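J.: sequence? don't have it. structure:
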């Protein structure tokens, strides 16, 4: 009985580890997609209605789904309260936000780079910078999707199989 | 003041904090020029009450200041950078200068903004009260032209007139009337996002940032005002639009740059307006030179330019 209980515990642990790691592969393209739609909304608001960043952030924090909305919520709070420049607030918010995402360092770099120029340009240049960030994110997304199809299933089954292997070794 | 202080660099804020209460209340302009010391204009004169040297305005401070003015969204200031001034909350105006980018000979926008002139808006409620007996006759306001050199208080006066017209004066049996303001330079109403920051009464409609000539016609057609208020007329189109408005039975209260009525009638664009005697009152403003305080002398003239009365007014 105790053998059976131990075996099932090992199997459960290794399978859920596999799912957890696979989950990161699954969330990454999804989150990149959310970021892209965030930047697209931002572009529209900047281009057509010249809304200041603080108000854009407030709108986005309401519109977007969970992890990304959290970022804009934080950013808006920082801009509304403190008197530090947008550049600094953006960087701080990215750092704060990072632990809760499945994104990788390459995306972080893109976002940090984007924050450097945000709000410091006229409309045309701002548009170019948004387009650039969007193009980078798109490339990351295709790469993330490829990684997802290649790894997600494999990692899941690897977790399960590793558990089975361990059990077999113990027997 | 609380809207302006956060925009300034730390060291400038300190200087203003150290000013005596009275001087701070009389502060008119804060001038920041890149590479030059801070300049404060109190009651029309450069303030020299600071015992130490005034802090210098650095190029990166200029950049920061512009960012702060735009709330870190420079693209939202495109129109303002073309016109060269920004109106901020509280109705204060910040004049901008620096390097201009042109396209086909037209100003595209300012690029490197290096000079700032923060003009503190001070609405002087009641400034136009002495004029009421001359401008209000038989239940209606008379069309009037306010003439004065820069900084004599034309805008202060016309703003308060707008308030009086739209609030009315129950104690003098003057009813509130519909007021339309065409505020090309956002100076009368001091609008931020289309909402006036100054006290203008409850019966006022404002066209903010609209060219006067077009705006006057828009206002008459769309909002049917009893009294139309416009600032700084002087171009040919303005005169044509004024003819239309005055003949449409709307009372117009306007301002124009000039020292005297004679000088004004020399200007080819304004001469037809004066000759046709469409304005029923002229108010001439001149600056009081001798006193320490800033103030103006008001002279009210009738339709033919004959003086009816004069009064002195201290603004602060």
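T.: Now that the structure is in, tell me what you want to look at. Quick caveat, the model's predicted, so the values are computed rather than measured. Numbers count the residues shown, from 1 in each chain, chains lettered A, B, ... in the order given.

J.: pLDDT of whichever helix or strand residue B:14 is part of, averaged?
T.: Secondary structure here is read from DSSP states H and E; on that basis residue B:14 sits in helix B:10-18. In this model, helix B:10-18 has a mean pLDDT of 89.

J.: Specify the beta-bridge partners of the residue nearest to residue B:118 when sequence neighbours are not counted.
T.: The shortest distance from residue B:118 to any residue that is not its chain neighbour, by CB to CB, 6 or more residues apart in numbering or on different chains, is 4.1 Å, and that residue is residue B:30. Every C-beta, even on glycine, is put in place using the N, C-alpha and C of the backbone. Residue B:30 has the following beta-bridge partners by DSSP bridges: residue B:40, residue B:118.

J.: okay but residue B:287 is in contact with residue B:43, surely?
T.: No - counting by CB atoms under 8 Å, residue B:287 sits too far from residue B:43 to count as a contact (11.6 Å).

J.: Can whichever strand or helix holds residue A:77 be said to contact chain B?
T.: Counting by DSSP H and E, the element that carries residue A:77 is helix A:66-81. Yes - taking CB under 8 Å from any CB of the partner chain as the criterion, helix A:66-81 and chain B are in contact, through residue A:79.

J.: quick one: low-confidence parts of the chain?
T.: You didn't pick a chain, so chain A it is. Counting by pLDDT under 70, chain A contains low-confidence ranges at A:82.

J.: Please refer instead to chain B.
T.: Low-confidence segments of chain B, defined by pLDDT under 70: B:289-295, B:312-316.

J.: three-state assignment of the spatially closest residue to residue B:209 that is not a sequence neighbour?
T.: In this structure, residue B:209 finds its nearest non-sequential neighbour in residue B:186, 6.0 Å apart by CB to CB, 6+ apart. With DSSP: H, G, I helix; E, B strand; the rest coil as the basis, residue B:186 sits in coil.

J.: I'd say residue B:186 and residue B:206 touch.
T.: No - Residue B:186 is beyond contact range of residue B:206, at 9.2 Å (criterion: CB under 8 Å).

J.: Could you pull up phi and psi at the residue of the stretch 151-300 of chain B found nearest chain A?
T.: Per CB to the nearest CB, the residue of the stretch 151-300 of chain B with the smallest distance to chain A is residue B:193, at 10.3 Å. Here is the backbone geometry of residue B:193 (degrees, to the nearest 10): phi 50, psi 40.

J.: What count of nearby residues applies to it?
T.: Around residue B:193 there are 6 other residues, counting by other CB atoms under 10 Å in any protein chain shown.

J.: again, but for residue B:58
T.: For residue B:58, which is what you asked about, the neighbour count (other CB under 10 Å) is 13.

J.: Then the one 4 residues further on?
T.: Counted by other CB under 10 Å, the residues lying close to residue B:62 total 21.

J.: which element is it on?
T.: Under the criterion DSSP H and E, the helix or strand holding residue B:62 is helix B:59-69.

J.: Then residue B:310?
T.: Assessed by DSSP H and E, residue B:310 sits inside strand B:307-314.

J.: For the helix or strand that the helix holding residue B:14 is followed by, buried residues please.
T.: Once the chain leaves helix B:10-18, the next helix or strand it forms, by DSSP H and E, is helix B:21-25. By neighbour count, with 16 or more other CB atoms under 10 Å in any protein chain shown as the criterion, helix B:21-25 contains no buried position.

J.: What of stretch B:115-126?
T.: For stretch B:115-126, the neighbour count (16+ other CB under 10 Å) marks B:115-123 as buried.

J.: can you put those residues in a markdown table and add distance to residue B:309?
T.: Converted to a markdown table, the buried residues of stretch B:115-126 look like this (distance: CB to CB, whole Å):
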| residue | distance to residue B:309 |
| --- | --- |
| B:115 | 41 |
| B:116 | 40 |
| B:117 | 35 |
| B:118 | 36 |
| B:119 | 30 |
| B:120 | 31 |
| B:121 | 29 |
| B:122 | 25 |
| B:123 | 24 |
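
J.: so where do the strands sit in chain A?
T.: Remark: strands of chain A are absent; assignment by DSSP state E.

J.: Enumerate the residues of it near chain B.
T.: For chain A, the residues found near chain B under the criterion CB under 8 Å from any CB are A:46, A:50-54, A:79, A:83, A:85-86, A:118-123, A:126.

J.: one more time with 7 Å, if that's ok
T.: For chain A, the residues in contact with chain B under the definition CB under 7 Å from any CB of the partner chain are A:46, A:50, A:52-54, A:83, A:85-86, A:119-123, A:126.

J.: Need the max-distance pair from those residues.
T.: Distances among these were taken as CB to CB; the most separated pair is A:83 and A:123, at 25.1 Å.

J.: Looking at the two, which is more packed in?
T.: Legend: neighbour count by other CB under 10 Å for residue A:83 and residue A:123, higher for residue A:123 (15 against 8).

J.: residues in contact with the more buried one?
T.: Under the criterion of CB atoms under 7 Å, 6 or more residues apart in numbering or on different chains, the neighbours of residue A:123 are A:46-47, B:75, B:78.

J.: And the helices in the stretch 151-300 of chain B?
T.: B:154-167, B:212-223, B:236-247, B:261-265, B:271-275 (DSSP state H, counting those that start in this stretch).
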